[in-house]
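# I need the structure of the sequence given here:
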Amino acid sequence: MGVKLRKLRAERGMSQIALAHALGLSPSYLNQIEQNQRPLTVSVLLKLNRTLGVDIQEFSEDDEARLIAGLKEVFADAAQPVALPELQEVAAQMPALGQAVLALHRRHLEAMERIEMMSLRLGDGRSDAAAPTAMPFEVVRDFFFAHQNHFDVLDRAAEALATQAQAQGDALAHWLAQRLELRHGVRMERTEDAAHGKRSFAPERRTLQLAAELNGAQQAFQLGTQWALLEHADTIDALIRVPQLAHDTAARKLARMGLANYFAGALLLPYGPFLAAAESLRYDIELLEQRFGVGFETVCHRLSTLQRPGAPGVPFFFVRVDRAGNISKRQSATHFHFSRTGGTCPLWNVYEAFGQPGRILAQLANMPDGRRYLWVARSIARSQGGYGSPRRTFSIGLGCDVRHAGRLVYAQGLDLQTPEAATPIGMGCKVCERDRCPQRAFPYVGRALEVDENQSRFTPYGFPH
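From the prediction side, this is the model:
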């Protein structure tokens, strides 16, 4: 925290004496905080907020934990193992250096992918193979993560529109359809043609076709998405005008759609009423489904966005996985890291949910770094047609740090005080240092593999201690 405070002071062009005077502290006490010899207390944080307008979230430990997790992946297969205390020191005292190392590692991986693609092209004569870089959806995911999955300007605009709709007393979907026609000359049509998907907008004809099988909430979501793309195009374009999206057309288009969908979700579940209901119901997802007339996934996704300055909800992380372990959605209002190397952990309850369809499972999980989390998971299934049509099955996971668990109904009956009561999970076998895990699928790349033909272990792989 001392490094962050020094950086903040330098950005404001203030001396130690000036900042100490502004905060009502002695210069020596402030110097000790900046040198990490004294903790940055809650009272000092509140003074920073009141005096300088500093967002307290800037001093969250989440960024440091995220950086440590990233550095562990970078150095997992280093010739000389890098101990965790060294990584913690870099993250705490030299965060800019740590971020630079991560950026270099990403560029190295991209360069290796290009070399591999060039080898393939030279080997089989294909001349149209493109050199891969970060996938557009990964770029967009990082963009949302950088904003803590909250976009206040869109959230407030959606809440204001929801208030107008509620004042009219009409069904939201019907009211939105009328507004689109009056303000933008867009006429809504229902279609049985599955080729058009859920929503299909023809700008030249000013028609918006929605699939006939969509229910009221689903119609409102699609209409809200179209409203955002038309009414708030300038706002969305301003939000995506960032360096990380500047040179990737596909990523910019994905980000536009993601922000339009964000607006639609905030319209269906307006911030103030939804947060008040979530707090009063102790974040009971099923009761929130019933109150707002939306599905399990929609409620979970919205819960992961409630980080309005001055009125935050529980900072959740949201994931959607399939049976093969692919994470198709990953949104977070705070830190939770899973490796891109070697999949995720089979002991995580989002996978157990597939074996108990429709049932909500709660799990107290413990990561190797000692952080504990409360996870809630449930499987969902969808079908686009009738009998015999293929079904899409996912598991939805919603998690938060254990310090927030007492605010959730799902903490009932769980031992939150005893670390040993939590299930030990990891970021993925290849980067998980737990050596006694019976579920391990791959050896940990951070240590040499120990093979003894005279011994058969209970766990799949052994490591020298």
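
# buried sites along whatever helix or strand residue 300 lives in?
Here residue 300, judged by DSSP states H and E, is contained in helix 296-303. For helix 296-303, burial by neighbour count (16 or more other Cβ atoms under 10 Å) applies to 296, 297, 298, 299, 300, 301, 302, 303. Where you see a C-beta, it was placed from the backbone N, CA and C, and this is true even at glycine.

# could I get these as JSON lines with pLDDT and distance to residue 367?
Listed next are the buried residues of helix 296-303 as JSON lines, based on pLDDT from 0 to 100; distance: Cβ to Cβ, whole Å:
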{"residue": "296", "pLDDT": "96", "distance to residue 367": "25"}
{"residue": "297", "pLDDT": "95", "distance to residue 367": "25"}
{"residue": "298", "pLDDT": "95", "distance to residue 367": "28"}
{"residue": "299", "pLDDT": "97", "distance to residue 367": "26"}
{"residue": "300", "pLDDT": "96", "distance to residue 367": "21"}
{"residue": "301", "pLDDT": "95", "distance to residue 367": "23"}
{"residue": "302", "pLDDT": "96", "distance to residue 367": "25"}
{"residue": "303", "pLDDT": "96", "distance to residue 367": "21"}
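
# which other helices and strands does the helix holding residue 300 contact?
Other elements packing on helix 296-303 under the criterion 3 or more Cβ pairs under 8 Å, 6 or more residues apart in numbering; DSSP states H and E are helix 249-268, helix 285-292, strand 317-321, strand 372-383, strand 391-401.

# and which of the buried residues of helix 296-303 is nearest residue 455?
If you rank those by distance to residue 455 using Cβ to Cβ, residue 300 comes first, at 45.4 Å.

# distance of that closest one relative to residue 350?
The gap separating residue 300 from residue 350 is 11 Å, by Cβ to Cβ, to the nearest Å.

# hang on, the earlier thing: other residues contacting the helix or strand just after the helix holding residue 300?
Scanning forward in sequence from helix 296-303 by DSSP H and E, the next helix or strand is strand 307-308. Strand 307-308 is touched from outside by 57, 148, 149, 150, 152, 155, 271, 275, 313, 315, 333, with contacts defined as Cβ atoms under 8 Å, 6 or more residues apart in numbering.

# 10 Å instead?
57, 147-152, 155-156, 159, 271-272, 275, 313-316, 333-334 (Cβ atoms under 10 Å, 6 or more residues apart in numbering).

# buried only: go through those residues for me.
147-151, 155, 159, 271, 275, 313-316, 333-334.

# show me what whichever strand or helix holds residue 210 is packed against.
With elements delineated by DSSP H and E, residue 210 resides in strand 207-211, which encompasses its position. Packed against strand 207-211 by the contact rule (3 or more Cβ pairs under 10 Å, 6 or more residues apart in numbering; DSSP states H and E) you find helix 172-184, strand 187-191, strand 199-202, helix 216-231.

# how about it as CSV, C-alpha atoms only?
Extracted C-alpha coordinates of strand 207-211, given in CSV (Å, rounded to 0.1, in the frame of the first residue of the first chain):
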residue,chain,number,x,y,z
THR,A,207,-37.1,-3.1,-38.9
LEU,A,208,-36.2,-5.2,-35.9
GLN,A,209,-37.1,-8.8,-36.0
LEU,A,210,-37.3,-10.8,-32.8
ALA,A,211,-37.6,-14.6,-32.5
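
# quick one: buried residues of it?
208, 209, 210, 211.

# model confidence over it, on average?
Average pLDDT, strand 207-211: 95.

# partners of it, with directions?
strand 187-191 (parallel), strand 199-202 (antiparallel) (DSSP bridges).

# wait, which of those strands is closest to residue 24?
Comparing those by Cβ to Cβ, strand 199-202 comes nearest, at 55.6 Å.

# measure stretch 193-208 end to end?
13 Å (Cα to Cα, to the nearest Å).

# ignore what I typed, I meant stretch 176-195.
Termini of stretch 176-195 sit 24 Å apart (Cα to Cα).

# buried set for it?
Of the residues in stretch 176-195, 176, 177, 179, 180, 186, 188 count as buried by neighbour count, 16+ other Cβ under 10 Å.
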